[in-house]
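Colleague: Output the structure for:
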Amino acid sequence: EDDPFFELSESIKVYLDKEKPFLKIDFPISDIAMAMKVPQNHVAYCINTIMQTKFSTLKSDLRIDYAAELLSENVNDSFTIEGIAQQSGFKTRASFYSAFKEKIGVTPTEFIAAKKP
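Modeller: A predicted model of the protein is given here:
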């Protein structure tokens, strides 16, 4: 918390939570820098050092959390898994499946099955 960039990292989290820019398939770190009006290396420092993660991991985790939320709300009744993957910012079903399984521990299909009464 003594880090002079701590406040910026908090602002980044708020921005990601409110604006959800990670839902765009093409979401580079420069988008955060532009939105925050700060140099890209400051954003990278916040993500790598303060949040202790890589940008690609952060982006993937946010997308998976969003997808899990959609799947939990039974949005899958009106969307296919591919639709949810795309809505969550993933380019392919395969990248969605592997990222989902890695973070959640089960595939999206298994996740849905576990939610059904």
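Colleague: what about the longest helix along the chain, average pLDDT?
Modeller: When the chain is parsed with DSSP state H, its longest helix is helix 55-72. Taken as a whole, helix 55-72 carries a mean pLDDT of 95.
Colleague: So which other helices or strands are in contact with that helix?
Modeller: Counting contacts by 3 or more CB pairs under 8 Å, 6 or more residues apart in numbering; DSSP states H and E, helix 55-72 packs against helix 81-87, helix 93-104, helix 108-115. (Glycine included, C-beta is placed from N, CA and C.)
Colleague: same for the shortest one, what does it pack against?
Modeller: The reference is to helix 81-87. Judged by 3+ CB pairs under 8 Å, 6+ apart, helix 81-87 is in contact with helix 55-72, helix 93-104, helix 108-115.
Colleague: neighbouring contacts of the last one?
Modeller: The set of residues that contact helix 108-115 without belonging to it, under CB atoms under 8 Å, 6 or more residues apart in numbering, is 67-68, 71-72, 74, 76, 81, 84-85, 96-97, 100, 104, 106.
Colleague: Low-confidence bits of this protein, can you list those?
Modeller: Along the chain, segments meeting pLDDT under 70 span 1, 74-77, 117.
Colleague: which ones are touching the spatially most central residue of it?
Modeller: The residue lying closest to the centre of the chain (CA atoms, centre = their mean) is L62, at 1.9 Å. Contacts here follow CB under 8 Å, 6+ apart; on that basis L62 touches 16, 20, 22.
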